[in-house]
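Novice: Sequence plus predicted model, see below.
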Amino acid sequence: MNMIVCVKQVPDPEVPPAKFRIDAKTKQVMPPEGIPPVINPFDERALELALRLKDAYGGKITVLTMGSAKSESVVKRGISMGADDGFVLSDPSFQDSDSFGTAHILAAAIQKIGNYDLILCGRQASDWDEGVVGSIIAENLSLPFIALALAIEAADKALKVKRVTTDGYQVFSVPVPAMVTVCWDVGRPRLPSGSGVIMAARKKIPVWSAADIGVDAGQVGKGAARKEAAELSRREWARKCEIIQAETPDEAGTKLAEKLREVGAF
Ligand SMILES: Cc1cc2nc3c(=O)[nH]c(=O)nc-3n(C[C@H](O)[C@H](O)[C@H](O)COP(=O)(O)OP(=O)(O)OC[C@H]3O[C@@H](n4cnc5c(N)ncnc54)[C@H](O)[C@@H]3O)c2cc1C
């Protein structure tokens, strides 16, 4: 099975929110200095699902990222986990694209790669959290689309995709090629292997520009964005500590429950 996995480079989500600075002018969230960006954790799950499919049915995994030339590290991460190939899509005209621009660029690169059975995305990017790029790629390429896959089985030019809902599961059958986003519950992604790390370090990752994938600069970037980020701000938390005074644990529990009800906790 030939798979393409879209992975985004994001600021490390393990860094506490208070350590991030917001640049109001460029509308960017700036991580503390010296903390390198990482592969979007949701996309590592998509990669893990692709790797399970490769383990079961064989085939090839290509990793695709759109960003700066420095995004090469997330492609190499994918290769060190077991993917075969990867490309970085980078061009000044891609900067500040919205979800439609991002999907347009990724879809153009997917068409250039060609010969694919399955395209996988994470359920969302952990920085902007819009969760829509996968579905727009599907629309651009006229592919069937399934969101939040937990498991996939292949059978006769079709895929059986199990997806999670809030209270259960659904199983869909789709013809290939198809576009699927992957849910978090897939579980921990595998760690890179030693040989994978060496292979990734040696691999030259091609960087494709707008011209390389036939993207018209007028259709991407800030100028083509259908909405504009007007303001970014941090949610402010006010903390207050109150000690419950009581003679016995029972009394303390009752008073605590009353207090919680008073402040609307339940
Ligand atoms: C400086 C700056 C300015 C911005 N200005 C605007 C603006 O004016 N208007 C606006 O709408 N948005 C703007 N954005 C938001 C940005 O365009 C979003 O990143 C984009 O809309 C995609 O949304 P998302 O990152 O939430 O991806 P999601 O839709 O949450 O991503 C879902 C999945 O798609 C794939 N994917 C997403 N992005 C990539 C990628 N780059 N490479 C590979 N795979 C990917 C991944 O598999 C991911 O899990 C701006 C961002 C920046 C940094």
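Specialist: On my side now, so go ahead. Numbers count the residues shown, from 1 in each chain.
Novice: Residue 107 and residue 140 touch, don't they?
Specialist: Yes: between residue 107 and residue 140 there is a contact under Cβ atoms under 8 Å: 3.9 Å. For glycine as for every other residue, the C-beta is placed from the backbone atoms N, C-alpha and C.
Novice: low-scoring stretches of the stretch 1-150 of the chain, by residue?
Specialist: When residues are selected by pLDDT under 70, none of them lie in the stretch 1-150 of the chain.
Novice: of all the residues in it, which ones are close to the ligand?
Specialist: 6-8, 26-28, 40, 42-43, 46, 64-67, 96-99, 102, 106, 121-122, 124-125, 127-134 (Cβ under 6 Å from any ligand atom).
Novice: Now which of those would you call buried?
Specialist: Neighbour-count burial (16 or more other Cβ atoms under 10 Å) applied to those gives 6-8, 28, 40, 42-43, 46, 64-67, 96-99, 102, 106, 121-122, 124-125, 127-128, 131-134.
Novice: what's next to the lengthiest strand in the chain, contact-wise?
Specialist: Criterion DSSP state E: the longest strand present in the chain is strand 145-155. Contact with strand 145-155 is made by 1, 49, 53, 56-57, 118, 123, 134-135, 138-139, 159-165, 169, 172, 174, 176, 178-183, 185-186, as judged by Cβ atoms under 8 Å, 6 or more residues apart in numbering.
Novice: Mind checking which of the buried ones among the residues of the stretch 1-150 of the chain next to the ligand are in strands?
Specialist: If you go by DSSP E, those have 6, 28, 64, 65, 66, 121, 122 in strands.
Novice: I'd like these written out as a markdown table, with distance to residue 264 added.
Specialist: A markdown table is the format used below for these (distance: Cβ to Cβ, whole Å):
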| residue | distance to residue 264 |
| --- | --- |
| 6 | 41 |
| 28 | 35 |
| 64 | 46 |
| 65 | 43 |
| 66 | 43 |
| 121 | 38 |
| 122 | 34 |
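Novice: closest point of the stretch 101-250 of the chain to the ligand, which residue?
Specialist: The ligand sits closest to residue 122 of the stretch 101-250 of the chain, with a gap of 2.7 Å, by Cβ to the nearest ligand atom.
Novice: for this protein, what spans make up the helices?
Specialist: 41-57, 72-81, 99-113, 133-140, 194-202, 249-262 (DSSP state H).
Novice: looking at these, which is buried most?
Specialist: helix 72-81 (a mean of 24; mean count of other Cβ atoms under 10 Å).
Novice: Check which helices and strands that helix sits against.
Specialist: Where contact means 3 or more Cβ pairs under 8 Å, 6 or more residues apart in numbering; DSSP states H and E, helix 72-81 is packed against strand 38-39, helix 41-57, strand 60-66, strand 85-89, helix 194-202.
Novice: so what strands line up beside the shortest one?
Specialist: Spelled out, it's strand 38-39. strand 9-10 (antiparallel) (DSSP bridges).
Novice: How about the fourth one?
Specialist: The partner list of strand 85-89 in its sheet, established with DSSP bridges, is strand 60-66 (parallel), strand 207-208 (parallel).
Novice: what's next to the longest one, contact-wise?
Specialist: Which is strand 60-66. 2-9, 47, 50-51, 54, 71, 74-75, 78-79, 82-90, 94, 97, 102, 105-106, 109-110, 113, 116.
Novice: For the stretch 151-266 of the chain, what lies in contact range of the ligand?
Specialist: So the stretch 151-266 of the chain meets the ligand at 222, 225, 227, 228, 229 (Cβ under 6 Å from any ligand atom).
Novice: so which of the residues you listed is the most crowded?
Specialist: Of all those, residue 225 has the most neighbours under the rule other Cβ atoms under 10 Å, reaching 15 neighbours.
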